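# Below is the structure, and that's it, no one-letter string:
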C-alpha cells in the first residue's frame with residue numbers, strides 16, 4: 001500500500017513537472033492577434049496620435065504604404081525582470097517537489113536529488129534569451145463617413161498586450 005502511494009505521488013508530480021516545463025516554454029511565445037478598432041476621430045488626427053503613441057513606446061516606422069493606407073512599426077520588446085524571477089521561483093518550487101518525491105522513490109540517492117533545485121535559474125536564462133525580440137505592428141486605416149461625424153476604422157496586427165494597451169491609451173472601441 002505504501003509503495004502505491006509513493007508511485008502515484010511520483011506520477012502526479014512528474015505530470016505537474018511536465019506542465020511547468022510547458023508553462024516556462026510558453027512564456028516566450030508570440031501572441032500576435034488581429035483586431036479592428038474604431039475611433040471617433042478623423043484619419044489625420046488619429047494617425048498623428050498613433051505615431052506619437054508608438055514613438056513614446058520606442059517603436060519606429062519601418063514602412064508606409066500610402067496606396068493601402070498602411071503603416072508598419074517595429075520596436076524591441078525587453079524581457080520582464082518580474083517574469084524572469086517568477087519563473088525561477090516556480091521552477092524552484094516544482095523542482096523541490098520533484099526532488100522530494102524522487103527521494104522517496106530512490107532513498108539511497110536522496111542527498112543528491114535535492115541538487116535538482118540548482119537547475120531552477122535555467123528557466124529565467126531560457127526566458128531572458130527568448131523573450132527579448134523585435135516586434136512588428138501593422139496598422140491599416142479606413143475612413144468611415146457618417147451623416148453627422150467622420151470616424152476611423154483601424155485594423156491592427158500586433159501582440160495582444162500591445163493591442164490592449166493601444167485600445168486603453170487612445171480610447172478605441174472594438175468593431176462589433
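Arrived safely, thanks for sending. Predicted model only: the values in this text are computed from it and were never measured.

# which residue sits closest to residue 170 in space, ignoring its chain neighbours?
The shortest distance from residue 170 to any non-neighbouring residue, by C-beta to C-beta, 6 or more residues apart in numbering, is to residue 49 (5.9 Å). C-beta here means a position set from N, CA and C on the backbone, and glycine is covered the same way.

# That neighbour: neighbouring residues, count only.
Per other C-beta atoms under 10 Å, the neighbour tally for residue 49 reads 15.

# which residues in this structure form helices?
Assigned helices in the chain, in chain order: 2-26, 43-56, 81-105, 110-113, 121-131, 160-169 (criterion: DSSP state H).

# any chance of these in JSON lines, with distance to residue 34 and mean pLDDT too?
Compiled in JSON lines, the helices of the chain are given as follows (distance: least, C-beta to C-beta, whole Å; pLDDT from 0 to 100):
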{"stretch": "helix 2-26", "distance to residue 34": "20", "mean pLDDT": "86"}
{"stretch": "helix 43-56", "distance to residue 34": "16", "mean pLDDT": "84"}
{"stretch": "helix 81-105", "distance to residue 34": "25", "mean pLDDT": "91"}
{"stretch": "helix 110-113", "distance to residue 34": "47", "mean pLDDT": "84"}
{"stretch": "helix 121-131", "distance to residue 34": "22", "mean pLDDT": "92"}
{"stretch": "helix 160-169", "distance to residue 34": "9", "mean pLDDT": "87"}
